[in-house]
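Asker: Prediction below, plus the sequence it came from.
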Amino acid sequence: MRIALFEPEIAGNVGAVLRLGACLGVAVDLIEPMGFTWDDRRVRRTAMDYIDHVAITRHAGFAAFRATIGAARLLLFTTKAEASPYDFAFRPDDVLLFGKESAGVPDAVAITAHARLRLPMRPQVRSLNLAMTVALATGEALRQTAQLPA
C-alpha cells in the first residue's frame, strides 16, 4: 500500500503524513510541484526523525507518478465522492491518492482513479485537514488488509 499526495501545499501536512507513513510502514509518493521548498525545515520539524524511517519518492508530475504504480488500483479520496471507505474493499497493493489542500485534483487526474472515496462527516463542514484524512483512510485500508503493524 502507498500514500500519494498530489501537489501538496502545506509543509506541515506533508511532515505529518511522512511521520504517519513511518509509523505504519507505508511508502509516501509526493507528486510535484509542491507549494513549498522541499528542504523547508517545517517538513523536518513536523516529521522529526521519523523522516528517516519512511520510503519517500518524489515525482516530477502526475504522469511520472502514474507510470510507477503498474497494475495497482489508484483510489482517490475526495469531497466530491459519495462512496465511503468504510464500505469499500481495499487491496494490499492499493495506492491512496489525496489532492492538494486548496483544490483537490483536476478532472484529468480524477478520471484515472479506479474509485473515488469520501470520508463521512457532518454536512455543516466542508472537509478534514489533509493529514487527518490520510490518517483515517490509511488506517482503515491497513485494517481491512491486515497490514497494521503489530
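Answerer: Arrived safely, thanks for sending.

Asker: Quick check on Glu82: phi, psi?
Answerer: phi -110, psi -30 (degrees, to the nearest 10).

Asker: Below-threshold pLDDT in this structure: ranges please.
Answerer: Applying pLDDT under 70 to the chain flags residues 40-42, 44, 46-47.

Asker: which residues of it fall in strands?
Answerer: 2-6, 27-31, 56-59, 74-77, 95-98, 115-117 (DSSP state E).

Asker: Mean neighbour count, the ones you listed: which tops it?
Answerer: Comparing these by mean neighbour count (mean count of other Cβ atoms under 10 Å), strand 95-98 ranks first with a mean of 26. In this view, the C-beta of every residue, glycine as well, is placed from N, C-alpha and C.

Asker: Identify the neighbouring strands of it in the sheet and state each direction.
Answerer: strand 2-6 (parallel), strand 74-77 (parallel) (DSSP bridges).

Asker: Mind putting those into a markdown table with distance to Val109?
Answerer: Written out in a markdown table, the entries for these read as follows (distance: least, Cβ to Cβ, whole Å):
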| stretch | distance to Val109 |
| --- | --- |
| strand 2-6 | 7 |
| strand 74-77 | 8 |
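
Asker: Might one say that Leu117 is in contact with Leu76?
Answerer: Yes: assessed by Cβ atoms under 8 Å, Leu117 is found in contact with Leu76 at 7.1 Å.

Asker: returning to what we had before: nearest to Leu148, out of the strands paired with strand 95-98?
Answerer: Closest approach to Leu148 among the strands paired with strand 95-98 (Cβ to Cβ): strand 2-6, 14.6 Å.

Asker: pull the CA atoms of that closest one into CSV?
Answerer: The C-alpha trace of strand 2-6 is given here as CSV (Å, rounded to 0.1, in the frame of the first residue of the first chain):
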residue,chain,number,x,y,z
ARG,A,2,1.2,3.5,-0.8
ILE,A,3,0.1,7.0,0.1
ALA,A,4,0.3,9.6,-2.7
LEU,A,5,0.0,13.3,-2.2
PHE,A,6,-0.9,15.4,-5.3
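
Asker: what's next to that strand, contact-wise?
Answerer: Residues from elsewhere that reach strand 2-6 (Cβ atoms under 8 Å, 6 or more residues apart in numbering): 13-14, 17, 20-21, 26-31, 62, 65, 69, 72, 74, 94-100, 104-105, 109, 130, 134, 138.

Asker: Alright, calling it a day.
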